[in-house]
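Undergrad: Build me a model:
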Amino acid sequence: MKLNPECIRAILLTVESSDDDLIVSAGSDFSKYKYLKKYTFEEIEYHAKQCNSVGFFDEYLLDVSHTTYINGLSFEGHLIADKLRSPEAIRKLLSFIKKGENFSIQLMMSFISRL
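TA: Below you'll find the predicted structure:
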């Protein structure tokens, strides 16, 4: 699956605005989430795993039934969410990505930190 910075943004903003754990499972109803409603379970699961790999979450648990539990953003997660909140920042990031072929979450973090 190709990394989608808009999906990463949606996950971070959803976790940040939630008082409860974000539970991602095949049966989840994402339409109740302002930012996640346009994404599939597979997209959210993949991007949440990528976010966890760079330490964006306080707590992340993936159980044997492929249900993911996310509770809170780490300091780094809050910094990135704050930067990505701006429509201008996400526009600049998407423009930057179109110029290059190799996109990674680390490259996104580096670019966002300079905004």
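
Undergrad: Next up, the contacts around F30.
TA: 36-37, 39, 41, 44 (Cβ atoms under 8 Å, 6 or more residues apart in numbering). For glycine as for every other residue, the C-beta is placed from the backbone atoms N, C-alpha and C.

Undergrad: Now, those that are in helices?
TA: Residues of the contacts of F30 located in helices (DSSP state H): 41, 44.

Undergrad: Which strands or helices does the strand or helix carrying I11 pack on?
TA: I11 belongs to helix 5-17 when assigned by DSSP states H and E. Applying 3 or more Cβ pairs under 8 Å, 6 or more residues apart in numbering; DSSP states H and E, we find helix 5-17 packed against strand 22-24, helix 41-53, strand 68-73, helix 75-84, helix 87-99, helix 105-113.

Undergrad: Could I get the buried residue list for the second one?
TA: Applying a neighbour-count criterion of 16 or more other Cβ atoms under 10 Å, the buried positions in helix 41-53 are 43-48, 50-52.

Undergrad: hey, C-alpha coordinates of that helix in CSV?
TA: Presented in CSV, the C-alpha positions along helix 41-53 are these (Å, rounded to 0.1, in the frame of the first residue of the first chain):
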residue,chain,number,x,y,z
PHE,A,41,-10.2,-0.3,7.5
GLU,A,42,-7.2,-1.5,5.6
GLU,A,43,-5.9,2.0,5.0
ILE,A,44,-6.4,3.1,8.6
GLU,A,45,-4.8,-0.1,9.9
TYR,A,46,-1.8,0.3,7.6
HIS,A,47,-1.2,4.0,8.4
ALA,A,48,-1.8,3.6,12.1
LYS,A,49,1.0,0.9,12.1
GLN,A,50,3.3,3.3,10.2
CYS,A,51,2.5,6.1,12.7
ASN,A,52,3.2,3.8,15.6
SER,A,53,6.6,2.7,14.0
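
Undergrad: Direction-wise, compare that helix with helix 105-113 and give the angle.
TA: If you take axes from the mean of the first three to the mean of the last three Cα atoms, to 10 degrees, helix 41-53 sits at 70 degrees to helix 105-113.

Undergrad: Perfect, that will be all.
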